[in-house]
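Trainee: Just need the structure, nothing else, for what follows:
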Amino acid sequence: LPNAEAAEYRRDPTTIWDAYVPVGSVAAGEALATTGGGRTVSCGICHGENLTGAGNMPGIAGRAPSYIVRQLNDIKQGTRESGLMSGVVADLTVDDMIALGAYVGSLDGR
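Mentor: Below you'll find the predicted structure:
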């Protein structure tokens, strides 16, 4: 079991958590992340081929699915400002965001 204090309060990067996502969401997220699925653009265009970052764009591979969904939703709702991402998330549904979070979270971010 993870050390809750180390993970929660010290943000220990070696703590590993299991994220439970809807069945099929990793595959659906992969399709969206790699092709855009007709609703967005490929994540790799900005975040790099392996989604580990490119230039000044952050890596998103290996991030917690809940973090990814929260960021995408906040950008879509206007709670978080991001000029580049606003158009990217405009046509995404909540299910799309969950799928993207599931896929991105399944990747090795190292």
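Trainee: Does the spatially most central residue of the chain lie in a helix or a strand, and which?
Mentor: Note on the chain: the residue nearest the mean C-alpha position is I68, at 3.6 Å, using C-alpha atoms, centre = their mean. Assessed by DSSP states H and E, I68 sits inside helix 65-77.
Trainee: what comes up buried for that helix?
Mentor: Going by neighbour count (16 or more other C-beta atoms under 10 Å), the buried part of helix 65-77 is 65, 68-69, 71-73, 75-76. In this view, the C-beta of every residue, glycine as well, is placed from N, C-alpha and C.
Trainee: Pick the one among these closest to A27.
Mentor: P65 (14.2 Å; C-beta to C-beta).
Trainee: Could you pull up the residues touching the closest one?
Mentor: 19, 21, 98, 101-102, 104-105 (C-beta atoms under 8 Å, 6 or more residues apart in numbering).
Trainee: So what's the gap between stretch 55-71 and the chain middle?
Mentor: Offset of stretch 55-71 from its chain centre (C-alpha atoms, centre = their mean, to the nearest Å): 4 Å.
Trainee: Can you classify the residue nearest to G29 when sequence neighbours are not counted by secondary structure?
Mentor: With sequence-adjacent residues excluded and distances taken as C-beta to C-beta, 6 or more residues apart in numbering, G29 is closest to Y103, at 2.8 Å. Secondary structure assignment for Y103 (DSSP: H, G, I helix; E, B strand; the rest coil): helix.
Trainee: can you pull out the helices in the chain?
Mentor: Counting by DSSP state H, the chain has these helices, from start to end: 4-8, 25-35, 44-47, 65-77, 83-89, 94-106.
Trainee: Might one say that S25 is in contact with G105?
Mentor: No: counting by C-beta atoms under 8 Å, S25 stays clear of G105, with 9.9 Å between them.
Trainee: Which of those two has more residues huddled nearby?
Mentor: G105 (24 against 20; other C-beta atoms under 10 Å).
Trainee: In contact with that one: list those residues for me.
Mentor: With C-beta under 8 Å, 6+ apart, G105 has these contacts: 19, 21, 62-65, 68.
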